[in-house]
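**Student:** Okay, here's the prediction I keep looking at, along with the sequence it came from:
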Amino acid sequence: MAEIHTPFGSPVPGFEPGVSPPDEISETCWWLLFCGSRLLVTPLETGGFQPLQSDECPPLPLVSPAIYLGRLNGQDCFCATVARDSMLTGKLCMLGLHEADEHLSPSWVTLGGRSIQLLSWERNHRFCGVCGNELFRSRHQFFKECPQCHHKVYPRISPVVMVLIHRHQQLLLARAARFPAGRYSILAGFVEAGETLEQCVHREVMEEVGLEVEDLHYADSQPWPFPHSLMIGFFARYRSGDIHPDGHEIVEAHWFNKNHLPELPPSISLARWMIERFINTRSHTWP
Ligand SMILES: [Zn+2]
């Protein structure tokens, strides 16, 4: 199967990742400034938006230390969080990254997602969980270390499996209790300690809808920085069982034909990309 590039996971041409700023910083830098999960942006004359350059940044107070991201086409990039009550002036506005794919280039969506994850780590891991001392960031890798007991804390990443179950030409779509009315998607669940991704697929499918599946195939993955998930997609063939939604996480689940689909998750999600790949792939490859 061809690799797909989802928002948040697109390659960033011209980007060299880094951990610490170089001795000589570029004359102008990119600043990805966040207020919660919303990015401060400025409009482009050609349409869309982009993050701020250093000479456009208003004097906003930062609520945690800035983090160096790397260099994009020769310009150093930083991210930081500003106070929630920051007043914006001029043409500046804020954009939620959830809906940003329509307004930002794929490169900025990817770097914005990376920034949210690193800023969440910076904010939520200030002290050692073993001895309570203040943690310090390494200059060489993304981890923090306690100077007292040398406990290390890395940015948190929580793996989640997603599974598109197919049976002949149909796919299984389910309504989670938290979804907006009318929306369906494929199944998803957090990987538990001591579990492989494949074991997680079988367990989640059995727990949520009471089915057995087989013939698992990896589809693709997507960082989902709200705040630190990594989505890992699989296609799986139905093996046995009748659909029994668990009634807690999943309130409804049905088989759907490719040409009669309900409202689907937004195009920014890996789930949507997997559903579209299934419905657009020639039928003989889905036994
Ligand atoms: Zn410690």
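**Tutor:** In hand now; what should we look at?
**Student:** Tell me the spatial nearest neighbour of the residue positioned nearest the centre of the chain, not counting adjacent residues.
**Tutor:** Geometric centre of the chain, nearest residue: Trp224, 1.2 Å, by C-alpha atoms, centre = their mean. Nearest residue to Trp224, sequence neighbours excluded (C-beta to C-beta, 6 or more residues apart in numbering): Met231, at 5.1 Å. Backbone N, C-alpha and C define where each C-beta goes, glycine included.
**Student:** Based on its surroundings, how many neighbours for the one you found?
**Tutor:** If you count neighbours by other C-beta atoms under 10 Å, Met231 ends up with 23.
**Student:** Pull out the buried positions in the strand or helix carrying it.
**Tutor:** Here Met231, judged by DSSP states H and E, is contained in strand 229-240. The neighbour-count check on strand 229-240 (16 or more other C-beta atoms under 10 Å) flags 229-236, 238 as buried.
**Student:** With only the CA atoms kept, save the longest helix seen in the chain in CSV.
**Tutor:** Ordering each helix of the chain by length in residues (DSSP state H) puts helix 106-124 first. Taking Å, rounded to 0.1, in the frame of the first residue of the first chain, the C-alpha atoms of helix 106-124 are listed here in CSV:
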residue,chain,number,x,y,z
PRO,A,106,0.9,21.0,5.8
SER,A,107,4.4,21.9,7.0
TRP,A,108,3.0,24.4,9.6
VAL,A,109,0.3,21.9,10.7
THR,A,110,3.1,19.3,11.4
LEU,A,111,5.4,21.7,13.2
GLY,A,112,2.4,23.1,15.1
GLY,A,113,1.5,19.6,16.3
ARG,A,114,5.1,18.9,17.3
SER,A,115,5.1,22.2,19.2
ILE,A,116,1.9,21.4,21.2
GLN,A,117,3.3,18.1,22.3
LEU,A,118,6.7,19.6,23.4
LEU,A,119,5.0,22.6,25.2
SER,A,120,2.7,20.2,27.0
TRP,A,121,5.7,18.2,28.2
GLU,A,122,7.5,21.4,29.2
ARG,A,123,4.5,22.7,31.2
ASN,A,124,3.5,19.4,32.9
